[in-house]
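Colleague: Build me a model:
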Amino acid sequence: MALMRKQRGFFAIIAVLLIMMMGAMGVIIAYNLSSRASTGANEKSGFDAFYLAESGLEVAARLLIGSGVSSSATCATLTGDSRVTNASLLNGTFTATAVGGALYTGSSTLSSSINASSSSITLASTVGFSAHGRVRIDSEAIDYAAISGNQLIGLARGAGGTTAASHTNGASVTESVCLVDVQAGIPSIASPSYQRELQMAVEILSGSDAWIVGNRTGNNFVFERWNTPTASAWNDASVTDVSNRSNLNKVSLSSLTNGWAVGDVNRSNFIFNYWNGASWTAMPVSGACSGQNLYSVFTVSDSEAWAVGARYRPSCGGGGKEGRNSSYRYTIFEWDGKSWNQLDPSTSPSIPSDSSSNRNLNDISMIDSNRNGHANLGFAVGASGKILLYNGTSWSDYSSPTSSTLNGVSVVSTSEAWIVGASGHIYKWNGSSWSSFSSPTSTTLHNIQMVDSNGDGKAEYGWAVGNSGVIIYYNGSSWSTQHSSGNDLFDIGISSDSQAWAVGASGAIFMWDGSSWTSQSSPVGVRLNGISVVRGSANITGSEVGSWQQIFG
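Modeller: Reported below is the predicted structural model:
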């Protein structure tokens, strides 16, 4: 009995211990569950604060770029705007302010060349640039995370849907961003239990930029500019240059900060003018023969451009065996990012051999389908049906469907291009050969521009212009006449399917508004020879930095 009583006592003690252990475990489990629930709630509220801050950035960005809002804001007016000051959203409030109170409009140049994979950029100066944001070099957008000395570091190349490319020493580097700071709090900024702060650079660029060039007036190069959204008319932007002034025949921009204009010979100099985003600068090249005018230019990137013009005899027909040769040489120049180089049959790239059948080249169009800053296909066209093909390494004569004068060419893709010329002739290239295309006019056509709006390699629409105010339209399958009165028209520039301009004799400018062509006032009444239109944009850069803290009440 005594033994049984001792065993029962022992088991009772064990039972009590087990009960106590189970109770302790229950307390621990309950505590853990409670703690996890509290932690989960805190994490959720922390994420909510983060999303609230991001939503505040989105609201501020839309106000700055005027997207989907009835009244936009500027960087100078964002701070204090009631729509982003202690504004209620989700389950909290936020306030957005502009750091510095105004746009950061840095402008500099590269101190050394960069390639498509460079991870830093060295500038001549970083004065005026945001602490982090987005810069533009030609047509590439580059996000950067910080500035170290004169270097932009923490790069995201090819931002905003652009393509990373090589850029040469001295290339223009520009910035136009509003640095937005957003503080968000739950349940409010005034007394937050959860709070986050984010910053993002919002890029603000003009909607488009367009330039017209024409015959000189006095000592002036004639330039006219249309810049939206700050302007709604063409403005005289002529440049006085006593030494170099001449007629300008064509202009071509690859971006808002890079472009060229070319013209007639002056004092045995070839005339080139360069646009860096701020001003035009004459960059004449010596060695021109009399009448060896440049008729067209095509800018591929800041690393490459091309110009063509009147044929000439080597050595300008002077002494020596080469000068006495009756054969002509094509005038073709290449810009390599540093200088303009006149090509000959022995250079690289090379051009066709000298020949008595070589003719003036009236227009040129190139395409960089690899998007590396260098053309891999192009055509130049001219008198007597001349067509030259560029294959990425050299120029060669290409089979032509006509012996009539060809005035304008537009390359759409590696499998489509278009030419217009005398008697209203239109020709289409299918990737292997040129063939005649039905034309609605017999009037001489001077130039053409085609648009591949969906990237399928085929033109969805396009315009061509000619004598007597003729303007014809391509709808993706056929051409039709849309305008046919007034002065001769020499060039066409397209901003979108609802905006285009045609320019010509006696200062003629016609504008397409999406439904009709109407005459526009020109500030200079001389013959206008060329026009180039380039698109800009306004968007969130994605250059976002942030900090956060959780405050438990």
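
Colleague: how far does stretch 162-173 stretch from start to finish?
Modeller: By C-alpha to C-alpha, to the nearest Å, the extent of stretch 162-173 from end to end equals 15 Å.

Colleague: any idea of the mean pLDDT in that stretch?
Modeller: The predicted model assigns stretch 162-173 a mean pLDDT of 90.

Colleague: Stretch 150-157 now?
Modeller: Model confidence over stretch 150-157 averages 95 on the pLDDT scale.

Colleague: Same question for stretch 453-463.
Modeller: Stretch 453-463 shows a mean pLDDT of 95 in the predicted model.

Colleague: what's the answer for stretch 534-544, then?
Modeller: Over the span of stretch 534-544, the pLDDT mean works out to 54.

Colleague: just stretch 350-360 next, same as before
Modeller: Computed over stretch 350-360, the mean pLDDT rounds to 97.

Colleague: For that stretch, measure first residue to last.
Modeller: In terms of C-alpha to C-alpha, the two terminal residues of stretch 350-360 are separated by 17 Å.

Colleague: Please state the offset of it from the chain centre?
Modeller: In terms of C-alpha atoms, centre = their mean, to the nearest Å, the gap separating the centre of stretch 350-360 from the centre of its chain is 35 Å.

Colleague: now the strands for the stretch 1-150 of the chain?
Modeller: Secondary structure of the stretch 1-150 of the chain, counting by DSSP state E, counting those that start in this stretch: strands at 87-89, 92-98, 107-109, 121-122, 133-137, 140-144, 146-148.

Colleague: quick one: which of those strands is nearest residue 377?
Modeller: Nearest to residue 377 among the strands of the stretch 1-150 of the chain is strand 140-144 (20.8 Å), distances taken as C-beta to C-beta. Where you see a C-beta, it was placed from the backbone N, CA and C, and this is true even at glycine.

Colleague: report the angle between the axes of the closest one and strand 133-137?
Modeller: Relative orientation of strand 140-144 versus strand 133-137 (axes from the mean of the first three to the mean of the last three C-alpha atoms, to 10 degrees): 150 degrees.

Colleague: Would you reformat the strands of the stretch 1-150 of the chain as a markdown table and include mean neighbour count and distance to residue 378?
Modeller: Putting the strands of the stretch 1-150 of the chain into a markdown table (neighbours: other C-beta atoms under 10 Å; distance: least, C-beta to C-beta, whole Å) gives the following:
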| stretch | mean neighbour count | distance to residue 378 |
| --- | --- | --- |
| strand 87-89 | 15 | 52 |
| strand 92-98 | 24 | 44 |
| strand 107-109 | 19 | 28 |
| strand 121-122 | 20 | 29 |
| strand 133-137 | 25 | 23 |
| strand 140-144 | 24 | 21 |
| strand 146-148 | 13 | 39 |
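
Colleague: can you tell me which of those comes nearest to residue 211?
Modeller: Across those, the minimum distance to residue 211, taken as C-beta to C-beta, is reached by strand 133-137, at 17.6 Å.

Colleague: what about the closest one, average pLDDT?
Modeller: This predicted structure assigns strand 133-137 an average pLDDT of 92.

Colleague: which helices and strands sit right next to it?
Modeller: If contacts are counted by 3 or more C-beta pairs under 8 Å, 6 or more residues apart in numbering; DSSP states H and E, strand 133-137 sits against strand 140-144, strand 172-174, strand 177-186, strand 194-204, strand 538-550.

Colleague: which of those has the lowest average pLDDT?
Modeller: When those are compared by mean pLDDT, strand 538-550 comes last with a mean of 45.

Colleague: Looking at the strands of the stretch 1-150 of the chain, which is nearest to residue 477?
Modeller: Taking C-beta to C-beta as the criterion, strand 140-144 is the member of the strands of the stretch 1-150 of the chain that comes nearest to residue 477, at 34.7 Å.

Colleague: from the middle of its chain, how far away would that closest one be?
Modeller: Centroid separation between strand 140-144 and its chain, computed with C-alpha atoms, centre = their mean, is 12 Å.

Colleague: quick one on the thing from earlier: tell me which of the strands of the stretch 1-150 of the chain lies nearest to residue 302.
Modeller: Go through the strands of the stretch 1-150 of the chain one by one with C-beta to C-beta and the one that ends up closest to residue 302 is strand 133-137, at 7.0 Å.

Colleague: got the angle between the closest one and strand 177-186?
Modeller: 160 degrees.

Colleague: Show residues contacting strand 133-137.
Modeller: Counting contacts by C-beta atoms under 8 Å, 6 or more residues apart in numbering, the residues outside strand 133-137 that touch it are 104, 106, 110, 121, 129, 141-144, 152, 159-160, 167, 171-175, 177, 179, 201, 203, 205, 255-257, 302, 541, 543.

Colleague: Switch the strands of the stretch 1-150 of the chain over to a markdown table; also include distance to residue 471.
Modeller: Output for the strands of the stretch 1-150 of the chain, formatted as a markdown table (distance: least, C-beta to C-beta, whole Å):
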| stretch | distance to residue 471 |
| --- | --- |
| strand 87-89 | 49 |
| strand 92-98 | 44 |
| strand 107-109 | 37 |
| strand 121-122 | 43 |
| strand 133-137 | 33 |
| strand 140-144 | 34 |
| strand 146-148 | 49 |
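
Colleague: and residue 389, which of these is closest to it?
Modeller: Across the strands of the stretch 1-150 of the chain (criterion: C-beta to C-beta), the nearest stretch is strand 140-144, sitting at 27.7 Å.

Colleague: Adjacent strands (with direction) for that closest one?
Modeller: For strand 140-144, the paired strands and their directions (DSSP bridges) read strand 133-137 (antiparallel), strand 156-159 (antiparallel).

Colleague: Please list the outside residues in contact with it.
Modeller: Strand 140-144 is contacted by residues 121, 132-136, 152-160, 162-165, 167, 203, 541-543 when judged by C-beta under 8 Å, 6+ apart.

Colleague: can you check stretch 334-343 too?
Modeller: For stretch 334-343, the external contacting residues (C-beta under 8 Å, 6+ apart) are 113, 168-171, 260, 270, 272, 283, 285, 287, 302-307, 331-333, 347, 349-351, 395.

Colleague: quick one, helices of the protein?
Modeller: Remark: helices assigned in the chain by DSSP state H are 2-65, 75-78, 320-324.

Colleague: ok, so what distance separates residue 126 from residue 120?
Modeller: Note on residue 126: its distance to residue 120, by C-beta to C-beta, to the nearest Å, is 12 Å.

Colleague: got any residues that touch both of the two?
Modeller: Residues touching both residue 126 and residue 120 (C-beta under 8 Å, 6+ apart) are 151, 152.

Colleague: Looking at these two, which is more packed in?
Modeller: For residue 126 and residue 120, the more surrounded residue by other C-beta atoms under 10 Å is residue 126, and the numbers stand at 19 against 12.

Colleague: Could I get the pLDDT score of the more buried one?
Modeller: Among the per-residue scores, residue 126 holds a pLDDT of 96.

Colleague: pretty sure it is in contact with residue 146, am I right?
Modeller: No - using C-beta atoms under 8 Å, residue 126 and residue 146 do not qualify as a contacting pair, with a distance of 10.7 Å.

Colleague: Common neighbours of those two, please.
Modeller: Both residue 126 and residue 146 are in contact with residue 152, where contact means C-beta under 8 Å, 6+ apart.

Colleague: Off-centre distance for stretch 475-490?
Modeller: Centroid separation for stretch 475-490 versus its chain: 28 Å, with C-alpha atoms, centre = their mean.

Colleague: typed the wrong thing, it's stretch 135-155
Modeller: Centre to centre, stretch against its chain (C-alpha atoms, centre = their mean), the figure for stretch 135-155 is 16 Å.

Colleague: now stretch 89-100
Modeller: In terms of C-alpha atoms, centre = their mean, the centre of stretch 89-100 is found 31 Å from the chain centre.

Colleague: follow-up on the earlier one: name only those of the contacts of strand 140-144 that count as buried.
Modeller: 121, 132-136, 152, 155-160, 162, 164-165, 167, 203, 541, 543 (16 or more other C-beta atoms under 10 Å).

Colleague: who wins for proximity to residue 314 among the strands of the stretch 1-150 of the chain?
Modeller: Closest approach to residue 314 among these is made by strand 107-109 (36.5 Å; C-beta to C-beta).

Colleague: show me where the stretch 401-550 of the chain has strands.
Modeller: Going by DSSP E, counting those that start in this stretch, the stretch 401-550 of the chain shows strands at 406-413, 416-421, 426-429, 434-437, 445-451, 461-466, 470-474, 479-484, 489-496, 499-504, 509-512, 517-520, 528-535, 538-550.
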